[in-house]
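Participant: build me a structure from this.
(chains A and B)
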Amino acid sequence: MKITFDNSTLDLLPQGKGWSVLFEDKSLSVELLRADDRTLELLIDGKRVIAYVSSDNAKRWVTINGQTFVLTKGSGARKSGGGHHHAAGELTAPMPGQVRAVNVSEGDAVTKGQTLLVLEAMKMEIRIQAPMEGVVKSLLVKQGQTVEREQILVEIVDRLES
Amino acid sequence: MPQTQIQPINKILIANRGEIAIRILRACKELGIKTVAVYSEADKNSQHAQLADEAIHIGAASPQESYLNIEKIIGAAKQTDADAVHPGYGFLSENASFALAVESAGLKFIGPSADSIRAMGDKAESKIRMKKAGVPTVPGFEGLESESDFKKAAKEIGYPVLIKASAGGGGKGMRIVEEEAGLGEAIQSAAREALNSFGDSRLLVEKYIPNAHHIEFQVFGDQHGHLVHLFERECSVQRRHQKIIEETPSPLLTKELRAKMGEAAVNAARAVHYYNAGTIEFIFDPLRSTLREPQGGAFYFLEMNTRLQVEHPVTELTTGLDLVQWQIRVAAGEHFPYQQEQLTQRGHAIECRVYAEDPADRFLPSTGKLLQYIEPRGPGIRVDSGFRAGDEVTHFYDPLLAKLIVHAENKEVAIQKMQAALREFVVHGVVTNIDFMQAVLSHPDFANGKVSTKWVEDKFNWSPPAEPSFESLVAAALADLTIANRKSEIVNEHDPYSPWKIPNGFRN
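Facilitator: Sure, this is the predicted structure:
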């Protein structure tokens, strides 16, 4: 069976007590020695590995030997790392906070660089500006609303698309 | 007025939250003092509220409604018959009106007098006082008007100089000028920015110190005029003007320089009749001290923090003193019993501040539910924290998750201990700076004391690995096959090989 996280696809084939894992041009044998709801003890090519794993919807948090990776389950369409993997016109909150001001409504024409929303978090004020000229296709937040990091706030589309 | 008699404290209200509230609670419990916690709406399930003998809800999540609300906090103290208030750090800890309001309500403020707080809170006033007290300040001039005045002043100080807004803060209205040719333009633009930001275009000019280190001295005094210093803390590893790693002793100080700076720190505190715990922050010029002037002299008063510091544990570990217990005891009128000669530093201590923030994305805070949270343990490891697995990290407050502090016989061993401890720290659900701090600790500049306050910004190039490790991919894949917690999963219907379609994917 194939499992994809970010851009990496693993192919797991049952073999003996465990699996043979195909990844890029490598093939390695993996055995699961022990598992509970947050820890896995694995044997990867004969080497013992302790992994802490948590699931949060499509996200997987994995810590091995003190290093933590945040993986997103799904097809390889998304770019790994950085977290800015939304479509060009979808503007997201760069940090969690509160919507201080909403300066546009759905259907409004906007110019490149225009301030659409103002967020406030931890005493910092962040202006959400239009990355291009276009039309507000959808406005997904209200003034005073609390938003999470990477939550989509507003979507701008090309005039032709709207 | 100095108190001549000890007035025992029976119940303390802690006007703070998170790790520092818990730190103070523990000191109270050890001293047999009852505790009152205050908490906001966002903190109703928090550990600090649960650990206290009593907990009072004081308002909405926003700090203005709760932890900064003087009236509500004093009301809570009266309601619970507390006889003293500990402000912790941040929030109201350096607010002279709060200290005054506490005293006016007949309660003890565990900290310095309102007058000391006020005197050190005003940057101009404190600089004048320090000059009078013979404490070195950064060479510079204030109250200049014309461009030619600035030119004359800058020439006297020597380039590079720093142009600063008198009313300034946060780097606004600040310009580094390398040579006279750039001075005129810098003055004009800084004045414009200062006017826009603070409604006040006054500027001052002072010596710019490249590669400056931040070295601070802990001072401690009782209400009977006895004042000592408890040595230094090197706090130069900073991002966005905020400290992330602190250590003591500083690798840059000789015995002579330490004594000289310690004396200056005590003089600075004495100039404002200081008692309780406080910190004198110095700007330190490593070039002047090591090359041209072996005896040093290259340290300048920056400011005084009239409260307990976040990084106080490194001082506690190397001096063997419990600073919070002593804060309470001297507030009750006790004498601080140690003379300067009796105080020593033993071994080396390092603190790493574990923040819920993303070093790969401008150190912006990260919020969420802590899916896993495992603190390291072992000899010489101390963790001051206010979170457990399952807790929410919200955007309302400082994103400090925990302070990890190690103590070892020397710096080399302390670094190794910290690296091992950080490797055992597991935090899932929010992005942390743990990997970033690991990289700082393993950099030779950190071991060699070459980290200045601009080092992270200017010299340290760090980015997380571009691709996840093979091992982490395998672990995530096998976890999906084995961990039962799958209810919230998104099933990819287009994938015929989806493990969700195989009822017994895990075979034993």
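Participant: give me the pLDDT for the nearest residue to residue A:74 once chain neighbours are set aside.
Facilitator: In space, and not counting its chain neighbours, residue A:74 is closest to residue A:58: 5.8 Å by C-beta to C-beta, 6 or more residues apart in numbering or on different chains. Quick note: C-beta positions are derived from backbone N, CA and C, even for glycine. Looking at residue A:58, its pLDDT is 89.
Participant: residue A:58: how many residues sit nearby?
Facilitator: Other residues lying near residue A:58 total 15 when counted by other C-beta atoms under 10 Å in any protein chain shown.
Participant: let me see the backbone angles for it.
Facilitator: Dihedral angles of residue A:58 (phi, psi; degrees, to the nearest 10) stand at phi -80, psi 0.
Participant: that one and residue B:58, how far apart?
Facilitator: Using C-beta to C-beta, to the nearest Å, residue A:58 is found at 39 Å from residue B:58.
Participant: repeat that for residue B:314.
Facilitator: Distance, residue B:314 to residue B:58, using C-beta to C-beta: 32 Å.
Participant: so between the two, which is more surrounded?
Facilitator: Using other C-beta under 10 Å, the more surrounded residue of residue B:314 and residue B:58 is residue B:314, with 29 against 21.
Participant: and residue B:448, how many neighbours?
Facilitator: As a burial measure, residue B:448 scores 10 neighbours (other C-beta under 10 Å).
Participant: contacting residues around it?
Facilitator: By C-beta atoms under 8 Å, 6 or more residues apart in numbering or on different chains, residue B:448 lies in contact with residue B:251.
Participant: and it, what pLDDT?
Facilitator: 95.
Participant: quick check: phi and psi at it.
Facilitator: According to degrees, to the nearest 10, residue B:448 has phi -90, psi 10.
Participant: need the contact list for residue B:372.
Facilitator: Residue B:372 neighbours (C-beta under 8 Å, 6+ apart): A:38, A:52, A:54, A:61, A:63, B:389, B:426-429.
Participant: what secondary structure does residue B:481 sit in?
Facilitator: Here residue B:481 is recorded as helix under DSSP: H, G, I helix; E, B strand; the rest coil.
Participant: and the gap between it and residue A:65?
Facilitator: As judged by C-beta to C-beta, residue B:481 and residue A:65 stand 22 Å apart.
Participant: ok, these two, which is more surrounded?
Facilitator: residue B:481 (19 against 11).
Participant: mind checking pLDDT for that one?
Facilitator: 82.
Participant: before we move on, what about the one 4 residues further on?
Facilitator: pLDDT recorded at residue B:485 is 39.
Participant: ok, now which ones touch the nearest residue to residue B:470 once chain neighbours are set aside?
Facilitator: Nearest non-adjacent residue to residue B:470, counting by C-beta to C-beta, 6+ apart: residue A:23, 6.0 Å away. The contact partners of residue A:23, taken as C-beta under 8 Å, 6+ apart, are A:8-11, B:470, B:473.
Participant: now the strands for the stretch 201-350 of chain B?
Facilitator: Using DSSP state E, counting those that start in this stretch, the strands of the stretch 201-350 of chain B run over B:203-207, B:213-221, B:227-239, B:242-248, B:276-284, B:299-305, B:348-355.
Participant: what's the closest of these to residue B:32?
Facilitator: strand B:276-284 (20.5 Å; C-beta to C-beta).
Participant: can you pull out the low-pLDDT segments for chain B?
Facilitator: Applying pLDDT under 70 to chain B flags residues B:1-4, B:123-124, B:167-172, B:289-297, B:483-508.
Participant: and residue B:58, that one's in a helix?
Facilitator: No: read with three-state DSSP, residue B:58 is strand and lies in no helix.
Participant: so how far is residue A:115 from it?
Facilitator: 35 Å.
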